[in-house]
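Participant: one predicted model, sequence on top.
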Amino acid sequence: MSGSAVGHRQVAGAQSVAALDSARNRESALPVAGQAAIDGRRVEALQLVVAIGSVLLIGLHSTLYYGVTTAAVPVALLIPVWTSILWRFRGAPSLMILTALALVAGVLLARVSAADHHIDGREAFASITLLATGIGAVGVLLWVSTIIRPDRIALLYGVGMLLGSAASPASWGSDPWKYAFAFPVAIIALSLFQQLRSGIMSLVLLGVLGLVSIVFNYRSFLAFCVLTALLVLWQKARRSPAASRNRFAPLLMMGVIGLGIYYLATSLLVGGFLGATLQQRSIAQIDASGSLLIGGRPEWSATVQLMKMNPWGYGLGATPNMDDLMAGKRGFASINADYNNGYIENYMLGNQFHLHSIIADLWSSCGVVGLVLAVLIVVRLLGSLSVALSASSASAVFVLTTLVAVWDLGFGPIFTNLTDVTLALALAMMLPHLRCGPEADSTASRGPQLTDDWQARA
C-alpha cells in the first residue's frame, strides 16, 4: 500500500474521531443548557415570590414588637438587594441619605433635650425603627417594581393593608370605614380597574366611595374622591395636541380645584345637605375657630406654639414637660378650641409628642433636618403628580394615593399614616418620566404615555 493511501486513511480516521467527539460534546451540552434554563426560571419564580411577600408584609404593617412591624422584615433582609438599585430612581439615594441624617439629628437633639426633658429609650427605639422602616420600604418597593408592574404593586399593597386592618379590630375605633377600610378598599378597587383600563368605572367607583364616606361621616375622604375624579377628568380634557404641557399648570389647577371643593363642602356641610351629624360638628368647629380646617385639626395651633418656644425640636424619645404642655394649651386657646378635655394631657403631649401631623412629628423628633425631610417628600409627591397630570397619564390610584399622602403629611399621625406615604412616594419614584439611566432613555423615546408604561413590565 502506498504511503499516500495510508496518509489519507489516517486523516479520515482523525476526522471521524473529531466528528464523534463533537457530537458527544453537543449531546452533553444539551442537558447543561436545559438545566441552566430551569435554574433561571427557578430564580425568577423565587424573586417573584419574595417580591409579592415583601409588598404584602409592608402593607400589612402589623406590630411584631414595640415599634417593629412586619414591614421591617423585607426592609432588613433585602438591604443588599434594594440598595443596589436605588441609583435607577431619581431622588431615591438622596431620600435615604437625608433620612439617615434626620435620625442622627434626632439622637443628638435628644442628648441636648435631656437637660430638661426625660428621654424614653423605648420610645426612641420605636421612632427610629418606624422612620427607618417606612422610608426603607420605599426602597424595597422600588426593587419590586423591577419585577412586578406598579399597578399590581398598589393592588398587593392594598390587600396587605386590608388584611392588617381586618386583623386589628382595636384600631377601628368608632368608625371602621374611616379608620380601617376606606383607603385599602379604594386602592384595591382602583388598581383592579386600572388593570382593566376602565377609566369610566374608576370615576364611578370614586363617586360610590364618596357617597359611602358621607354615610360614615368621613368628610376628608369625600374630598379626596371628588378631587381625584376632577383631576382625572381635567387631564383627559388636555389630551388634545394643542393642550399646553406646562408641568406646573397642574399644581395651579389642583390649588384652584382644592379651594373650590373646600368652600363648596363647607357650604354643603353647614347647610345640612350631608347630614345632621356633620352639620352640627362643622358649625361648632367654624364657630370656635373661624375655619373648618383649623377647627377640625387644632393640633397645628399647639405645634406653632411649640415651634416658637423651641424651634430646633426635641429629639427622639423626648417626653413633653410642663412648659410644653402649657404651650400646647395656649395654642388651643388661641383658636377657641377646648384645651381642658384631657386630649392634650393624655394624648397629644402626654408621654410623647403626638402632634397629629407627620411633618410636625418629624420636626419634634428630628428637628430641622426632619422638617427638611418632610418638605422634600411633599415637594416630590406634588411634583411627580404634576408631571403625570401634565402628561395626561396619571392613573386614579396614583392621584388618590398622592392626595391622601400629602394630607397625612400635614394632618395625620406618623405612627398610623406613614404607610400611606410609603406607597405614594414609591409610586411617584416609579414614574417613567423620573427614572435615571438607560431605562429612562428608553421610556422617554416612547413618549409620555405613563399609563401605558405602567402596564409594561419595568
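Facilitator: Ah, there it is.
Participant: can you name the next helix or strand after the helix or strand encompassing residue 38?
Facilitator: Secondary structure from DSSP states H and E places residue 38 in helix 3-60. Remark: after helix 3-60, the chain's next helix or strand is strand 63-65, criterion DSSP H and E.
Participant: okay, now the sheet partners of that following strand, with direction.
Facilitator: Strand pairing for strand 63-65, determined by DSSP bridges: strand 68-69 (antiparallel).
Participant: which outside residues touch the strand it pairs with?
Facilitator: The contact list for strand 68-69, computed with Cβ atoms under 8 Å, 6 or more residues apart in numbering, reads 60, 61, 62, 63, 129, 130, 133. All C-beta atoms are positioned from the backbone trio N, CA, C, and that covers glycine.
Participant: likewise stretch 42-59?
Facilitator: Against stretch 42-59 from outside (Cβ under 8 Å, 6+ apart): 70-71, 73-75, 78, 137, 140-141, 143-144, 147-148, 153, 156-161, 163-164, 184, 419, 422-423.
Participant: now do the helix holding residue 38, average pLDDT.
Facilitator: For helix 3-60, mean pLDDT rounds to 68.
Participant: for residue 89, phi and psi?
Facilitator: phi -120, psi 120 (degrees, to the nearest 10).
Participant: check what pLDDT it gets.
Facilitator: 95.
Participant: just the one 5 residues further on next, same as before
Facilitator: You'll see residue 94 listed with a pLDDT of 95.
Participant: just give the nearest non-adjacent residue to residue 409, would you?
Facilitator: residue 358 (4.6 Å; Cβ to Cβ, 6 or more residues apart in numbering).
Participant: who touches the one you found in this structure?
Facilitator: Contacts of residue 358 (Cβ under 8 Å, 6+ apart): 374, 408, 409, 410, 412, 413, 414, 417, 418, 421.
Participant: can you tell me, leaving aside adjacent residues, what's nearest to the fifth one?
Facilitator: The shortest distance from residue 412 to any non-neighbouring residue, by Cβ to Cβ, 6+ apart, is to residue 358 (6.0 Å).
Participant: may I see the buried residues of stretch 85-105?
Facilitator: 86, 88-92, 95-96, 98-99, 102-103, 105 (16 or more other Cβ atoms under 10 Å).
Participant: in TSV, list those along with distance to residue 403.
Facilitator: As requested, the buried residues of stretch 85-105 are exported to TSV (distance: Cβ to Cβ, whole Å):
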residue	distance to residue 403
86	26
88	26
89	22
90	22
91	20
92	22
95	20
96	25
98	23
99	23
102	24
103	28
105	29
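Participant: pick out the most distant pair among the residues you listed.
Facilitator: Greatest spacing in these, by Cβ to Cβ: 88 and 105 (28.0 Å).
Participant: lowest-pLDDT helix or strand in this structure?
Facilitator: helix 450-455 (a mean of 38; mean pLDDT, DSSP states H and E).
Participant: about what we covered before: would a markdown table of the contacts of strand 68-69 with distance to residue 386 and neighbour count be doable?
Facilitator: As requested, the contacts of strand 68-69 are exported to a markdown table (distance: Cβ to Cβ, whole Å; neighbours: other Cβ atoms under 10 Å):
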| residue | distance to residue 386 | neighbour count |
| --- | --- | --- |
| 60 | 31 | 22 |
| 61 | 28 | 23 |
| 62 | 34 | 14 |
| 63 | 36 | 12 |
| 129 | 33 | 20 |
| 130 | 29 | 20 |
| 133 | 28 | 25 |
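Participant: any stretches of the chain with poor pLDDT?
Facilitator: Scanning the chain for pLDDT under 70 picks out 1-37, 39-40, 198, 239-246, 273-275, 277-278, 281, 285, 287-296, 433-458.
Participant: before we move on, the earlier item: which ones among the contacts of residue 358 are found in helices?
Facilitator: 374, 408, 409, 410, 414, 417, 418, 421 (DSSP state H).
Participant: now the fifth one. Nearest residue, chain neighbours left out?
Facilitator: Yep, that's residue 414 we're talking about. With Cβ to Cβ, 6+ apart, the residue lying closest to residue 414 is residue 361, at 4.1 Å.
Participant: which of the three states applies to the one you found?
Facilitator: helix (DSSP: H, G, I helix; E, B strand; the rest coil).
Participant: offset the numbering so it begins at 18, please.
Facilitator: In the new numbering, first residue 18, that becomes residue 378.
Participant: and for residue 212, the neighbour number?
Facilitator: Residue 212 has 15 neighbours, counted by other Cβ atoms under 10 Å.
Participant: wouldn't it be in contact with residue 171 here?
Facilitator: No. Using Cβ atoms under 8 Å, residue 212 is not in contact with residue 171, being 9.9 Å away.
Participant: any chance you could map the helices in the stretch 368-475 of the chain?
Facilitator: Secondary structure of the stretch 368-475 of the chain (DSSP state H, counting those that start in this stretch): helices at 375-407, 413-428, 431-446, 455-462, 467-472.
Participant: no no, the stretch 68-217 of the chain
Facilitator: Under DSSP H, counting those that start in this stretch, the stretch 68-217 of the chain gives helices at 89-94, 96-100, 109-130, 138-161, 167-183, 193, 199-212, 216-232.
Participant: cool, and the stretch 218-367 of the chain?
Facilitator: 236-254, 266-287, 293-306, 309-313, 316-326, 339-351, 360.
Participant: which helices and strands sit right next to the fifth one?
Facilitator: Here helix 316-326 is seen to pack against helix 339-351, helix 375-407 when contacts are counted using 3 or more Cβ pairs under 8 Å, 6 or more residues apart in numbering; DSSP states H and E.
Participant: right, and these - which one's nearest residue 239?
Facilitator: For these, distance to residue 239 was read as Cβ to Cβ. The smallest value, 19.7 Å, belongs to helix 375-407.
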